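# A structural model of the following input is requested.
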Amino acid sequence: ETATQLSLNSGSSSFVLQSLPREDFPSLTLGDMPHAFALPAGDLLRLIDKTRSAISNEDTRHYLNGIYLHIVDEDGTSMLRAVATDGHRLAQAQCPQPVGASEMPAIIVPRKTVNELQKLLKNSSGEVSAQVSETKINFSHENISLTSKLIDGKFPDYNRVIPSNNDKRLSVDAKAFVQCVDRVSAVSNERSRAVKLSLADDSLTFTVSNPESGSATDELGVGYSADSLDIGFNARYLLDITGQLDGDMAIFELADSGSPTLIRDEQDADALYVLMPMRV
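Numbering: from 1, shown residues only. This next block holds a predicted model:
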């Protein structure tokens with residue numbers, strides 16, 4: 001139609017849409033990207049899938065609104081580690097350090113970029129090329145290039161919240177655990193989503209009590225031989241974490257009803273989760 005309009009026609013349908021000047025489209029030039037490396041698409045997708053559910057949605061702490069990617073030394077082996085936390089839960093996953101990534105700075109990839117990257121890599125194979133600077137990151141895979149600004153902020157020292165001396169160990173069938181939590185949480189309060197876990201010798205009881213909708217209990221045989229313990233968690237957080245486990249068994253390392261719990265996948269030593277309890 002005109003330089004500022006777009007005409008679309010299909011069969012009996014006709015549309016005229018207003019357009020904007022091309023000069024208004026933002027320009028995001030790569031500039032100097034001193035760190036470049038490649039890694040399998042499956043490895044990057046795994047880091048994202050294992051951690052993105054813990055990304056914070058609160059804008060007040062913008063430095064938690066993404067995944068923290070950095071290089072760490074794990075028992076003498078360099079690893080690329082991804083961490084996300086919202087203050088209530090923490091998710092961590094890692095893979096062998098890609099060649100060329102040893103000098104990359106620690107960066108925070110924004111939530112929106114993480115979600116777009118997850119969509120692009122889903123069901124993909126091959127390698128992903130990455131270029132990193134202090135302020136930007138670029139991912140290239142097949143015929144797609146994704147460039148993003150990084151979050152300008154300092155990620156907190158997450159190691160301080162990862163418990164190392166929790167002495168109560170619970171081993172439970174991950175699938176059965178998910179089913180029990182899902183069932184009893186159907187009557188939980190929509191706001192708190194609280195579920196109580198009561199542990200005794202080789203027994204786990206799930207309890208939800210909601211004055212507005214009723215109550216529910218369920219029981220499960222587990223591996224547990226420590227002192228009895230009652231502890232409450234947000235059911236949605238429990239489902240988010242246990243839904244990411246690849247192995248048949250979930251391992252919970254607990255201390256008491258007021259301390260953070262460490263959750264591991266029995267078949268994946270490179271991933272861990274920390275979950276804060278809640279009052280029930």
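# Which stretches in the stretch 1-150 of the chain count as strands?
In the stretch 1-150 of the chain, the segments counted as strands under DSSP state E, counting those that start in this stretch are 5-10, 13-18, 35-40, 66-74, 77-85, 89-96, 107-110, 127-132, 136-141, 144-149.
# Contacts only, for residue 199.
By CB atoms under 8 Å, 6 or more residues apart in numbering, the contact set of residue 199 is 168, 170, 222, 224, 226, 228, 229, 230, 231, 254. Quick note: C-beta positions are derived from backbone N, CA and C, even for glycine.
# from those residues, which ones fall inside helices?
Assigned to helices by DSSP state H, none of the contacts of residue 199 qualify.
# mind giving me the domain split of the protein?
Using automatic domain parsing, the domains assigned to the chain come out as 36-160, 163-275.
# what's stretch 273-280 in contact with?
So stretch 273-280 is in contact with 54, 85, 87-92, 161-163, 192, 194-196, 207, 230-234, 237-238, 241, 244, 257-264, going by CB under 8 Å, 6+ apart.
# Same check on stretch 183-194?
Outside stretch 183-194, the residues that touch it by CB under 8 Å, 6+ apart are 195, 206-208, 210, 212-218, 232-237, 239, 278-280.
# Same check on stretch 48-56?
64-67, 82-87, 89-93, 111, 114-115, 117-118, 121, 240-241, 244, 271, 273.
# Tabulate the domains of the chain (TSV), appending distance to residue 12 and mean pLDDT.
Putting the domains of the chain into TSV (distance: least, CB to CB, whole Å; pLDDT from 0 to 100) gives the following:
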stretch	distance to residue 12	mean pLDDT
domain 36-160	34	96
domain 163-275	46	95
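# In a markdown table, list these along with distance to residue 27.
Shown next, in a markdown table, are those (distance: least, CB to CB, whole Å):
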| stretch | distance to residue 27 |
| --- | --- |
| domain 36-160 | 11 |
| domain 163-275 | 37 |
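# how close does residue 12 sit to residue 6?
19 Å (CB to CB, to the nearest Å).
# now residue 46
41 Å.
# Neighbour count: those two, which is higher?
Neighbour totals were compared for residue 46 and residue 6, and residue 46 leads with 21 against 11 (other CB atoms under 10 Å).
# Bridged to the residue nearest to that one when sequence neighbours are not counted, which residues?
The shortest distance from residue 46 to any non-neighbouring residue, by CB to CB, 6 or more residues apart in numbering, is to residue 93 (6.5 Å). Counting by DSSP bridges, residue 93 is bridged to residue 82, residue 271.
# pretty sure residue 93 is touching residue 43, no?
No. Counting by CB atoms under 8 Å, residue 93 stays clear of residue 43, with 9.7 Å between them.
# neighbour-wise, which of these two wins?
Between residue 93 and residue 43, counted using other CB under 10 Å, residue 93 has the larger neighbour count: 25 against 18.
# Pull the contacting residues for that one.
Contacts of residue 93 (CB under 8 Å, 6+ apart): 46, 47, 50, 51, 81, 82, 270, 271.
# Turn these into a markdown table, including distance to residue 24.
Output for those, formatted as a markdown table (distance: CB to CB, whole Å):
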| residue | distance to residue 24 |
| --- | --- |
| 46 | 38 |
| 47 | 35 |
| 50 | 38 |
| 51 | 35 |
| 81 | 39 |
| 82 | 35 |
| 270 | 45 |
| 271 | 43 |
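# Put the buried members of those residues into a ChimeraX selection.
Per 16 or more other CB atoms under 10 Å, the buried members of the contacts of residue 93 correspond to this ChimeraX selection:
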select :46,47,50,51,81,82,270,271
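# between the contacts of residue 93, which is nearest residue 128?
residue 47 (11.0 Å; CB to CB).
# Take the contacts of stretch 273-280 and keep only those in strands.
85, 89-92, 194-196, 207, 230-234, 261-264 (DSSP state E).
# and the contacts of stretch 273-280, which are buried?
54, 85, 88-92, 194-196, 207, 231-234, 237-238, 241, 244, 257, 260-264.
# give the contact list for the residue lying closest to residue 45 once chain neighbours are set aside.
Leaving aside its sequence neighbours, residue 45 sits nearest to residue 121 (CB to CB, 6+ apart; 4.3 Å). The contact partners of residue 121, by CB under 8 Å, 6+ apart, come to 41, 44, 45, 48, 128, 141.
# Distance to residue 60 and neighbour count added to those, as a markdown table?
Formatted as a markdown table, the contacts of residue 121 follow (distance: CB to CB, whole Å; neighbours: other CB atoms under 10 Å):
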| residue | distance to residue 60 | neighbour count |
| --- | --- | --- |
| 41 | 34 | 20 |
| 44 | 29 | 25 |
| 45 | 30 | 18 |
| 48 | 24 | 20 |
| 128 | 32 | 24 |
| 141 | 34 | 20 |
